[in-house]
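# build the 3D model from these lines:
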Amino acid sequence: MSTQRRILTTSLALLTALTALSGCSRIDRGEDPATAKDLGAAAEVRLGYFPNVTHAAALIGVDKGFFAKELGDTKLVTQTFNAGPEAVNALLGSSLDVSFIGSGPAINAYAKSNGEAIKLISGATSGGAQLVVKPEITSPADLKGKVITTPQLGNTQDVALKKWLSDEKLAIGTGADQVNVTNTENSQSLDLFRKGDVQGAWAPEPWSSRLVLDAGAKVLLDEKSLWDGGKFPTTVIIVRSQFLREHPQTVEALLRGHLAATDFALNNKVEAKQVVNGALKQLTGKALGEPVLDRAFDNIELTLDPQAKSFPRLAEDAVVAGVAKQAANVGGLADLTLLNKVLSAAGKPAVDTAGLDKK
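Reported below is the predicted structural model:
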């Protein structure tokens, strides 16, 4: 081979290696997100959320332009998911920057990355999850031999159901004396319930309301009854740690948009429901009936408080539920600095970190 060809071959190989390396995330390359420096406003931010009423602030923030207004020149790119584990994979794979998500998957993402990849930066919704069943089921014991579904393995409702079954001394399995827990998308669980293939679901809003009002289910348990004051974090917001460190200005802008969307919903309930219903129709192909929409909104509380004190218990619940082998150390999960800055600027009280910001 000539000297010129050897130089060309070597150069091409080096270029290929550098290209492959540039395509990996900093975490993939073993770099510490803690070393990332503030690079100012991001050119774009990729935001994830679900087509659920429990993600109302996200739906409103996108539809009414609250996020876009605060982001200014930063392009907002949105993506919807059916359940938390999907969003976690996108975040850990660096194809998503910020996501509205359930508390369970937020803990899982933190644990899977050894506390490095993500940070909890805000709450979004408290409440809004129920165990709804066939009318003939009147007690926990009646669930034996029945099929009960949750949106996805390891998601917030999946953990909640399995923890509750454990507390009720009910075994999970396919036997006559066991509860058969399956995982199906919310829309599919509605159809399966109507057909009689499943006899119940631990579902977030609006799906619990749809099962009750559209499919004849009844409420066996409202998850609010399991928490002090009826408050628990159904939906929170998490961000990739690297993105937070490199673009705090962009994250703060998103949080201002989140606050604006939440305030809009609280002060304009009728219009907020219409906006959410319109967004759901666009995303799922079907709007909710007015009774379902009203019931769903009555069952949730939109709040920027992530209920930080509940996270150690949620981590322990995952173990009892059999979803995790050991309780995740949630110390350091939260960084509410920017949230409290936004709240202070708006004349609102700060939210309590409950020590969740310290490792």
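# chain neighbours aside, what residue packs nearest to Asp158?
If you skip the residues right next to it in sequence, Asp158 has Thr150 as its closest partner in space, 4.0 Å away by C-beta to C-beta, 6 or more residues apart in numbering. Every residue, glycine included, has its C-beta placed from N, CA and C.
# the one you found: neighbour count?
When neighbours are counted by other C-beta atoms under 10 Å, Thr150 registers 27.
# and it, how far from Glu185?
In this view, Thr150 and Glu185 are 10 Å apart by C-beta to C-beta, to the nearest Å.
# how about Glu168?
In this view, Glu168 and Glu185 are 26 Å apart by C-beta to C-beta.
# ok, Leu259 next?
Distance from Leu259 to Glu185, by C-beta to C-beta: 31 Å.
# compare neighbour counts for the two and give me the winner.
Set side by side, Leu259 and Glu185 give different neighbour counts by other C-beta under 10 Å, the larger being at Leu259 (22 against 14).
# wait, a helix at Arg194?
Yes: with DSSP: H, G, I helix; E, B strand; the rest coil as the criterion, Arg194 is assigned to a helix.
# the nearest residue to it once chain neighbours are set aside: how many residues sit nearby?
For Arg194, ignoring the flanking residues on the chain, the nearest one in space by C-beta to C-beta, 6+ apart is Ala215 at 5.2 Å. For Ala215, the tally of surrounding residues (other C-beta under 10 Å) stands at 17.
# my guess is Ala215 contacts Leu192. True?
No: judged on C-beta atoms under 8 Å, Ala215 makes no contact with Leu192 at a distance of 9.9 Å.
# for Ala324, give me its contacts.
With contacts defined as C-beta atoms under 8 Å, 6 or more residues apart in numbering, Ala324 is in contact with 108, 111, 315, 318.
# now do the lengthiest strand in the chain: which elements does it pack against?
The strand of greatest length in the chain, counted in residues with DSSP state E as the criterion, is given as strand 118-127. Here strand 118-127 touches helix 56-63, helix 103-112, strand 233-240, helix 241-246, helix 248-267, strand 300-302, helix 337-345, going by 3 or more C-beta pairs under 8 Å, 6 or more residues apart in numbering; DSSP states H and E.
# who does the helix or strand following that strand pair up with?
Toward the C-terminal end, the helix or strand that comes next after strand 118-127 (DSSP states H and E) is strand 129-133. Strands flanking strand 129-133 in the sheet, each with its direction: strand 200-204 (antiparallel), strand 218-222 (antiparallel) (DSSP bridges).
# with mean neighbour count, mean pLDDT and distance to Glu116 as new columns, can these be given to me in TSV?
Supplementary listing: these in TSV, determined by neighbours: other C-beta atoms under 10 Å; pLDDT from 0 to 100; distance: least, C-beta to C-beta, whole Å:
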stretch	mean neighbour count	mean pLDDT	distance to Glu116
strand 200-204	29	96	28
strand 218-222	17	98	36
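# tell me which of these lies nearest to Leu283.
Closest to Leu283 of the strands paired with strand 129-133, according to C-beta to C-beta: strand 200-204, at 14.9 Å.
# what does that closest one contact?
For strand 200-204, using C-beta under 8 Å, 6+ apart, the contacting residues are 52-54, 102, 128-134, 137, 143, 146-151, 156-158, 160-161, 186, 189, 193, 207-208, 211, 217, 220, 223, 234.
# check which helix or strand Gln188 maps to.
Mapping Gln188 onto the secondary structure by DSSP H and E places it in helix 186-195.
# tell me what that helix is packed against?
Using 3+ C-beta pairs under 8 Å, 6+ apart as the contact test, the elements touching helix 186-195 are strand 200-204, helix 207-215.
# now those in JSON lines, please, with extra columns for distance to Val270.
Rendered in JSON lines, the data for those read as follows (distance: least, C-beta to C-beta, whole Å):
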{"stretch": "strand 200-204", "distance to Val270": "22"}
{"stretch": "helix 207-215", "distance to Val270": "17"}
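# of all those, which one is nearest Val342?
Put simply, out of those the one that sits nearest Val342 is strand 200-204, at 25.9 Å, with distance taken as C-beta to C-beta.
# and the closest residue to Leu39 other than its chain neighbours, how far is that from Ser225?
When the adjacent residues along the chain are set aside, Leu39 lies closest to Glu246, with 4.7 Å between them (C-beta to C-beta, 6+ apart). Between Glu246 and Ser225 the distance, using C-beta to C-beta, works out to 42 Å.
# who's more crowded, the two?
More crowded of Glu246 and Ser225, by other C-beta under 10 Å: Glu246, with 20 against 8.
# quick one, what contacts the residue nearest the centre of the chain?
Nearest residue to the geometric centre of the chain (C-alpha atoms, centre = their mean): Ile101, 1.0 Å. Taking C-beta under 8 Å, 6+ apart as the definition of contact, the neighbours of Ile101 are 48, 84, 87-88, 109, 235-238.
# how about a cut-off of 6 Å?
Contact criterion C-beta atoms under 6 Å, 6 or more residues apart in numbering gives 84, 87, 238 as the residues in contact with Ile101.
# how much space separates it from Pro204?
12 Å.
# Val320 contacts Ser166, doesn't it?
Yes: the pair Val320 and Ser166 qualifies as a contact (C-beta atoms under 6 Å) at a distance of 5.0 Å.
# next, count neighbours for the residue lying closest to Lys286 once chain neighbours are set aside.
The shortest distance from Lys286 to any non-neighbouring residue, by C-beta to C-beta, 6+ apart, is to Leu280 (7.6 Å). Using other C-beta under 10 Å as the criterion, Leu280 is surrounded by 21 other residues.
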